[in-house]
Structures are given as C-alpha cells and as structure tokens.
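Q: model this:
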Amino acid sequence: MLNISHENLDKKVDISGYSASKMVFGKKHYKYLNRFLAIFAIILILILFLPWTQTISGSGYVTTLTPDQRPQTIQSPIPGRVEKWYVREGDFVKKGDTILFISEVKNEYFDPNLVARTGEQVEAKERSVTSYTNKVSALGNQIDAIYRERGLKLDQAENKRIQAVLKIKSDSIDFEASKTNLSIAERQYERTLQLQQEGLKAITDTEEKRLKLQETQAKIISQENKLLSSKNELINAKIELNRILAEYADKVSKAQSDRSTAESNQYDSQAAVSKLQNDYSNYSIRNSMYYIKAPQAGYINSAIIGGLGESFKEGQELLSITPSKYDLAVETYVRPIDLPLMHIGEKVRIMFDGWPSIVFSGWPNNSFGTYGAKVVAIERFISPNGKFRILLAPDPTEERWPDLISLGSGARTLALLEDVPIWYELWRQLNGFPPNYYTPASASNTEKNATK
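A: Numbering: from 1, shown residues only. Okay, the predicted model is just below:
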C-alpha cells in the first residue's frame, strides 16, 4: 500500500477484529519458520568455514604418454607412383608388414638393371685402381734400379778420376826426373866442351854429350805432354761424373713424374670407386623403398593418397596409422596466470567427454566419474592458443582409467591446489583474485636437490 497521504489509517483503524487479520497474526507456525531461518543462517555461517579445495580448470584431449605411441602419418622418402595396395582402412598390421608398393617417376631410375650395372662399374673401376697400383709399384722398382745403376756408374767414374789423379802424380814425378836429367846433361856437356877446348877431350866426346843433351831435352818435352794429357784425363773424369749425375737425375725425375701421374690416376680411380659405391648403396636402398612398410604395429586409419597410378612427391603423406599399444595421457592447457601454480607431480582430476560424471570442484573426494592423474610435463613456451600445455599421466594410486577411452577424445581437468575456507574462496571469486600461490613439499625438495 502506497503512503501517498500523511494520514496513517493503521493508527486510526483497528484491524485485529477482522477475520483476515485473525487468520494471519498470532499463528504458531510462523514461530517455527523464524526458528528454521535462524538455524539455517547459523548452519550457513558454519558452512562458510568448511574447507574448500582450490582448483585450476582446463580443457584438452586424450593423447599418449610418449611421442612414438601417438597416431602418425607414413610418408615416402622418394617420389613415386602408387602401383598396388596391400591393406584396407581399419586393418591391423604388424611392424614391417608391406602396406603399399610404388614405382619410379624419375627417368634416371627407370632402368631395372641399374643396381647390377652400377655394380659392374664399381668392379671395373676397382680393377683400374689395381692396375694403377701395380704401375706405381713397377715405377718404384724402376726408380730403385736407376738409383742402383747410378751408384755403379758413379763408382766407375770415380775410379777413373782417381786413376787420373794418380797418373798425374806419376807423370809429374817423371817430368821432374826429366828436368833433373836435363840439368845433369847440360852440366856434363858444358864440362866436356870446356875440356875439349883445353885439349883434354876429343871432339867425339863433346858430340856425344851434345847428342845426349838433345835427347834429354826431347824427353822432358814428351814428359810434359804426358803430364798435360793426364790432367786432361782428370778433367774428363770430373766431367763424366757430372754427366752421370745429370743423366740419372733426368731419368729419376722422369720416372718419379710417371709414378706421380700413376698415383694421381690411382687416387682419381679410388675417388670414382667411392662415388660409384655410394651410388650403388643409394640405388640398393632406393630399391628397398619401393615397398612402404609399417613402422610399428597398429591400425590403418585412412589412406590420404588413394587409387592406382597416382603420383606423389617425396615426404608427402600417404596414409595414417594408430599404434595398437600405447599409454594414455591427457594434454590440457592452462592460462598463463595459473602456470606458476602447476608443478611436476601435481594431483589433477579428469572428466572425459562421453563419460558420465558428477563434479564438486571444491570437494574432489565427493565427485563421481572423475579419474586421478598427475602432472608429468609442463611446457615452458606458450602455445598458439595463448595458453600453456600440460601433460598428465594416470595416477597409479587412483582408479584405473576406462579402457574404452579413445585417443583424441576431449577431457576437462581440475588441478587440485590448497584447502581454504569457503568464505575465503567466495571472497576471492568475487574480487577476481587468482588462487593462492604455493609450492608443494615434493617440488620444494626437488628444487633444493637441484640447488645442491
């Protein structure tokens, strides 16, 4: 009723005598209602002091714990053309089973006998290397023979030089003896001539001494010629030594040059052999790549390249496969503001899509349909969606995850933090504050050990 007028009718009119007022006022059940409201208010106040587990929510999907267990695509390292399929989508294959056969699309590999012919080229080049090796060995023996022959020739020439030196000594002695004889002959002739002039010697004696003097003079000239001839022989011996050295130096140089050329050809042939062996290995390995095989046991998901005769490039995806054995994990994402609250070994509750669950975020022990997990990896760089990636593994102390969960299915996560009163959590939510920062005991011990 609006109080438009200043006249208060409730003070002038007594309504207690009316039947309607008797039905409303003075009933006992209103006392019970007031009492119930008071008790409810007390219980509500008590509830505000109950413990509440702070959580960090996130969303992600089911994946595997290790990268080699995740679904993968199979590529061909070489370009080719699809020739034959050995599997169908959904088939189970073991590791090494043949999935697909391909053929070449590059003309340099069309020859079906390419590997065999490359092997023949390798053998021919290896024989060429052997021939050059034998030639190098023969030239080495030839050089050794030249050195030995040069030594003998030098010894022979040296002997001639020594003979020439000795002959010069002998001729010089004879020449000195001839000069002594000439001096004696001259004195004898002068004495005989003087005695003949004094009448003590006959003219015939003087003529004999003159003849002997002339013979001695002729002999000294002959000895001098012999001495000069011996010196010329010594010079010729020295020239012969130098000639032998030069001649055999030329022979050795030519043989060494031939050996170096043979060694160069040998090394070139060895390089060609290595290249051909490399080509042979590459061609052999390439032949084994015509059969695309399963890298691990699993199920064929889908064929990305279908049909027959379809060409593809190297590295192009051909089909996808899912491993048959894997360890489940959950990949979830948290906001950057919540990342400092996440630690390795942190307890997390998971709700899988398609799996019924009743969740009380503040009381995880009273939730139904959630499964335990723990943090095993925290990404240190932000993801393209603006959040940080967290990898969760099953908690061995909790209930086992359902076997019917498939890889790639969605999941929601609740990371369990500190226990705080409900009134504090309400106050935090109303003010938009983040959860309390804390460091669990396991994380602090790990940090201390790392510091030590």
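Q: which parts of the stretch 351-452 of the chain are helices?
A: 422-431, 441-451 (DSSP state H, counting those that start in this stretch).
Q: lowest average confidence across the ones you listed, which one?
A: For the helices of the stretch 351-452 of the chain, mean pLDDT drops lowest on helix 441-451, to a mean of 47.
Q: quick one: low-confidence parts of this structure?
A: 1-30, 52-54, 200-201, 356-369, 417-420, 422, 425, 429, 431-452 (pLDDT under 70).
Q: just give me the longest helix of it.
A: Taking DSSP state H as the criterion, the chain has its longest helix at helix 203-288.
Q: name the residue most distant from the centre of this protein?
A: Going by CA atoms, centre = their mean, the residue of the chain most distant from its centre is G199, 123.9 Å out.
Q: doesn't S183 fall inside a strand?
A: No - counting by DSSP: H, G, I helix; E, B strand; the rest coil, S183 is not part of a strand but helix.
Q: OK, contacts around it?
A: Under the criterion of CB atoms under 8 Å, 6 or more residues apart in numbering, S183 has no contact partners. Heads up, the C-betas are built off the backbone N, CA and C, glycines and all.
Q: who are the packing partners of the longest helix of the chain?
A: Packing partners of helix 203-288 (3 or more CB pairs under 8 Å, 6 or more residues apart in numbering; DSSP states H and E): helix 114-197.
Q: now the helix it packs on against helix 203-288, angle please.
A: Put simply, helix 114-197 runs at 170 degrees to helix 203-288, going by axes from the mean of the first three to the mean of the last three CA atoms, to 10 degrees.
Q: tell me if V330 really is in a strand.
A: Yes - if the criterion is three-state DSSP, then V330 is within a strand.
Q: skip the chain neighbours and tell me the closest residue to it.
A: The shortest distance from V330 to any residue other than its chain neighbours is 4.3 Å, reached at L392 (CB to CB, 6 or more residues apart in numbering).
Q: hang on, that neighbour packs against V376?
A: Yes - if you go by CB atoms under 8 Å, L392 and V376 touch, sitting 6.8 Å apart.
Q: residues in contact with the closest residue to L234 other than its chain neighbours?
A: Of all residues beyond its chain neighbours, the one nearest L234 is A164 (3.7 Å), with distances taken as CB to CB, 6+ apart. Applying CB under 8 Å, 6+ apart to A164 gives the contacts 230-231, 233-234, 236-237.
Q: got it, and Q217?
A: Q217 neighbours (CB under 8 Å, 6+ apart): 182, 185.
Q: please state the offset of stretch 206-219 from the chain centre?
A: Stretch 206-219 sits 104 Å away from the centroid of its parent chain (CA atoms, centre = their mean, to the nearest Å).
Q: return that stretch as PDB; C-alpha atoms alone will do.
A: The C-alpha trace of stretch 206-219 is given here as PDB (Å, rounded to 0.1, in the frame of the first residue of the first chain):
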ATOM      1  CA  THR A 206     181.700 -33.500 -76.900                       C
ATOM      2  CA  GLU A 207     179.400 -34.600 -79.700                       C
ATOM      3  CA  GLU A 208     178.200 -37.500 -77.600                       C
ATOM      4  CA  LYS A 209     177.300 -35.200 -74.700                       C
ATOM      5  CA  ARG A 210     175.600 -32.800 -77.100                       C
ATOM      6  CA  LEU A 211     173.500 -35.600 -78.500                       C
ATOM      7  CA  LYS A 212     172.600 -36.800 -75.000                       C
ATOM      8  CA  LEU A 213     171.600 -33.300 -74.100                       C
ATOM      9  CA  GLN A 214     169.300 -33.100 -77.100                       C
ATOM     10  CA  GLU A 215     167.800 -36.400 -76.200                       C
ATOM     11  CA  THR A 216     167.200 -35.300 -72.600                       C
ATOM     12  CA  GLN A 217     165.500 -32.000 -73.900                       C
ATOM     13  CA  ALA A 218     163.300 -34.100 -76.200                       C
ATOM     14  CA  LYS A 219     162.400 -36.400 -73.300                       C
END
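Q: what about the nearest residue to R412 once chain neighbours are set aside, how many neighbours?
A: If the residues on either side of it in the chain are set aside, R412 comes closest to M351, at 4.6 Å by CB to CB, 6+ apart. When neighbours are defined as other CB atoms under 10 Å, M351 has 19 of them.
Q: repeat that for the one 3 residues further on.
A: Here the neighbour count serves as a burial measure; for G354 (other CB under 10 Å) it reads 10.
Q: secondary structure class for the residue farthest from the centre of the chain?
A: coil.
Q: by residue count, what's the longest strand in this structure?
A: Criterion DSSP state E: the longest strand present in the chain is strand 51-64.
Q: could you dump it to CSV, C-alpha only?
A: Coordinates of the C-alpha atoms in strand 51-64 are reproduced here as CSV (Å, rounded to 0.1, in the frame of the first residue of the first chain):
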residue,chain,number,x,y,z
PRO,A,51,37.4,-26.4,3.8
TRP,A,52,37.3,-25.8,0.1
THR,A,53,39.9,-27.2,-2.4
GLN,A,54,41.0,-24.5,-4.8
THR,A,55,41.3,-25.8,-8.4
ILE,A,56,42.5,-24.7,-11.8
SER,A,57,40.3,-25.8,-14.6
GLY,A,58,41.4,-26.6,-18.1
SER,A,59,40.4,-28.4,-21.2
GLY,A,60,42.3,-30.7,-23.5
TYR,A,61,42.1,-34.1,-25.2
VAL,A,62,43.4,-37.6,-24.7
THR,A,63,46.8,-38.4,-26.1
THR,A,64,49.7,-40.8,-25.4
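Q: packing partners of it?
A: strand 328-334, strand 388-394, strand 410-421, helix 422-431.
Q: adding distance to A262 and mean neighbour count, write the ones you listed out as a markdown table.
A: Listed next are the helices and strands packed on strand 51-64 as a markdown table, based on distance: least, CB to CB, whole Å; neighbours: other CB atoms under 10 Å:
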| stretch | distance to A262 | mean neighbour count |
| --- | --- | --- |
| strand 328-334 | 66 | 22 |
| strand 388-394 | 65 | 21 |
| strand 410-421 | 74 | 18 |
| helix 422-431 | 90 | 13 |
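Q: now the phi/psi pair for G315, please.
A: With angles defined as degrees, to the nearest 10, G315 sits at phi 80, psi 0.
Q: isn't it right up against G80?
A: No - between G315 and G80 there is no contact under CB under 8 Å: 11.7 Å.
Q: more crowded one of those two?
A: Of the pair G315 and G80, G80 is the one with more neighbours under other CB under 10 Å, namely 25 against 10.
Q: now the more buried one: closest residue in space that isn't a chain neighbour?
A: Among residues not flanking G80 along the chain, I102 sits closest, at 3.6 Å (CB to CB, 6+ apart).
Q: run the chain-centre distance for stretch 399-418.
A: The chain centre lies 39 Å from the centre of stretch 399-418; the measure is CA atoms, centre = their mean.
Q: what's the answer for stretch 398-405, then?
A: Using CA atoms, centre = their mean, the offset of stretch 398-405 from its chain centre is 41 Å.
Q: mind giving me the domain split of the chain?
A: Structural domains assigned to the chain are 51-69+326-451, 72-104+290-323, 114-288, following automatic domain parsing.
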